[in-house]
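>>> Fold the following for me, if possible:
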Amino acid sequence: MTINTIDGTKNSVVYFSASYFCSNFALDMNACLKMIEWWQRAVATVVVALSMIFAPACTLVVSGTASGVDGSQEACISGDSWLGVSLPAGQPERLIHYPGFVVSFNPVEHIPNYVAWELTAAECESNVTSRKSAAFQPDMQINGCAALSDYRRSGYSRGHMAPAGDMRWSQEAMDACFLLTNICPQSTALNGGPWASLEEKCRVWARRDSAIVIVCGPVLTDTVTERIGDNEVAVPERFFKVILAPYANPPRAIGFIMPNAKFAGGMQAAAVSVDEVEKITGMDFFSALPDEIEDMVESECNFPSWNRRRP
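Next comes the predicted model:
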């Protein structure tokens with residue numbers, strides 16, 4: 001007989017160890033197995049936490065010789081540097097550091113300017129918790145945060161920017177991603193369609209490339225024509241997402257612009273370069289990269305290369 005380990009593999013050694021332990025102490029086998037599975041999840045949580053605490057202060061970025069960049073480029077880049085984004089001048093912002101992600105919150109529009117996080121392969125494999133363990137709540141410490149009543153009977157879904165599926169490695173991160181500072185009004189067609197499909201793809205890409213950096217949010221350079229609820233929460237016309245694979249060789253990036261409605265072609269039709277997203281949003285992404293590499297990766301839009309099983 002076998003049982004599932006935390007990574008989903010079958011481990012007969014664990015089962016026979018449990019069998020020996022339980023039989024010697026005259027314990028119920030099912031209770032023992034549940035206890036061991038609980039310990040596996042606890043250990044997985046500790047491993048993820050320790051990996052964050054003792055992660056190297058800087059990361060080596062290698063460009064190779066592809067796409068017109070000659071030789072290799074090296075840069076010492078701290079983890080937080082990946083998440084830095086420059087906003088258009090005068091755009092209201094309160095920067096909030098939650099477990100697992102950063103929110104640039106706009107208290108005037110009652111939605112985020114952007115949300116940024118790094119998603120690692122280890123986090124994708126973890127199943128410490130699930131979205132069933134969390135519930136939508138306002139962040140009462142943040143002025144301008146929307147209320148649950150703003151979304152009721154509004155015709156719009158509560159659309160995650162940092163998705164619950166990326167936060168299964170920590171209950172604290174899972175709870176935080178359900179705060180309304182991480183939420184925007186999204187059409188059901190977008191939230192349950194191409195936006196959700198892109199979230200799933202990001203987890204595939206993070207597993208393949210060790211880790212990716214994701215920044216997403218509403219396009220607030222568009223004129224707001226609709227608001228919901230007593231707080232008059234802005235309903236965006238479009239959303240953006242930019243993704244960087246800094247540990248790939250060479251590094252690569254891609255962007256997406258999606259209308260807040262049903263549209264043809266899915267995520268591939270929405271793919272654009274990061275340069276195009278910057279032009280539309282007025283934001284500046286991934287400035288921690290060396291200039292030559294930043295120019296290279298932000299000018300490209302090669303969706304088929306992102307979909308390859310191997311880079």
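>>> okay, CA-based contacts and neighbour counts for the rest of this
Will do.
>>> Which helix or strand contains residue 215?
Assessed by DSSP states H and E, residue 215 sits inside strand 211-218.
>>> which strands and helices sit next to the helix or strand just after that strand?
Remark: after strand 211-218, the chain's next helix or strand is strand 227-228, criterion DSSP H and E. Counting contacts by 3 or more C-alpha pairs under 8 Å, 6 or more residues apart in numbering; DSSP states H and E, strand 227-228 packs against strand 233-234.
>>> which residues of this protein score low on pLDDT?
Residue ranges of the chain with pLDDT under 70: 1-82, 309-311.
>>> hmm, 50 instead?
Residues of the chain that meet the criterion pLDDT under 50 lie in 1-17, 43-78.
>>> residue boundaries of the strands in it?
With strands called from DSSP state E, the chain shows them at 3-4, 10-11, 94-98, 101-106, 111-120, 157-160, 183-186, 211-218, 227-228, 233-234, 238-245, 252-259, 271-272.
>>> Which positions within stretch 130-137 qualify as buried?
For stretch 130-137, burial by neighbour count (16 or more other C-alpha atoms under 10 Å) applies to 130, 131, 134, 136, 137.
>>> Any idea how far apart the tips of that stretch sit?
Stretch 130-137 has an end-to-end distance of 16 Å (criterion: C-alpha to C-alpha, to the nearest Å).
>>> what about the helices in the protein?
Under the criterion DSSP state H, helices of the chain are mapped to 12-24, 29-53, 121-125, 148-151, 171-177, 188-191, 194-209, 266-270, 274-281, 291-299, 303-306.
>>> quick revisit: among the buried residues of stretch 130-137, give me the pair with the biggest separation.
Spanning the widest gap among the buried residues of stretch 130-137 are 130 and 137, at 16.3 Å by C-alpha to C-alpha.
>>> Spit out the contact partners of the closest residue to residue 174 other than its chain neighbours.
Leaving aside its sequence neighbours, residue 174 sits nearest to residue 167 (C-alpha to C-alpha, 6 or more residues apart in numbering; 5.1 Å). Residue 167 sits next to 100, 123, 173, 174, 177 when contact means C-alpha atoms under 8 Å, 6 or more residues apart in numbering.
>>> The residues you listed: which two are farthest apart?
Across the contacts of residue 167, the two members that end up farthest from each other (C-alpha to C-alpha) are 123 and 177, 14.7 Å apart.
>>> Just want to know which of the two has more residues nearby.
The residue with the greater number of neighbours, taking residue 123 and residue 177 and applying other C-alpha atoms under 10 Å, is residue 177; the counts read 30 against 23.
>>> how about that one, what does it touch?
Under the contact definition (C-alpha under 8 Å, 6+ apart), the residues listed for residue 177 are 160, 162, 163, 164, 167.
>>> Likewise for residue 285?
If you count contacts by C-alpha under 8 Å, 6+ apart, residue 285 has them with 84, 85, 86, 274, 278.
>>> Could you save the strands of the chain as TSV and add columns showing distance to residue 308 and mean neighbour count?
Rendered in TSV, the data for these read as follows (distance: least, C-alpha to C-alpha, whole Å; neighbours: other C-alpha atoms under 10 Å):
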stretch	distance to residue 308	mean neighbour count
strand 3-4	29	15
strand 10-11	28	14
strand 94-98	32	14
strand 101-106	27	23
strand 111-120	18	25
strand 157-160	27	21
strand 183-186	30	25
strand 211-218	15	24
strand 227-228	40	18
strand 233-234	37	23
strand 238-245	14	23
strand 252-259	13	24
strand 271-272	16	22
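>>> Kindly reformat those as JSON lines containing distance to residue 202.
What follows is those, written out as JSON lines (distance: least, C-alpha to C-alpha, whole Å):
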{"stretch": "strand 3-4", "distance to residue 202": "25"}
{"stretch": "strand 10-11", "distance to residue 202": "26"}
{"stretch": "strand 94-98", "distance to residue 202": "20"}
{"stretch": "strand 101-106", "distance to residue 202": "15"}
{"stretch": "strand 111-120", "distance to residue 202": "8"}
{"stretch": "strand 157-160", "distance to residue 202": "14"}
{"stretch": "strand 183-186", "distance to residue 202": "19"}
{"stretch": "strand 211-218", "distance to residue 202": "8"}
{"stretch": "strand 227-228", "distance to residue 202": "30"}
{"stretch": "strand 233-234", "distance to residue 202": "26"}
{"stretch": "strand 238-245", "distance to residue 202": "8"}
{"stretch": "strand 252-259", "distance to residue 202": "11"}
{"stretch": "strand 271-272", "distance to residue 202": "13"}
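>>> Of all those strands, which one comes closest to residue 149?
Comparison of these against residue 149 by C-alpha to C-alpha identifies strand 227-228 as nearest, at 9.6 Å.
>>> Okay, now the sheet partners of that closest one, with direction.
Within its sheet, and counting by DSSP bridges, strand 227-228 is paired with strand 233-234 (antiparallel).
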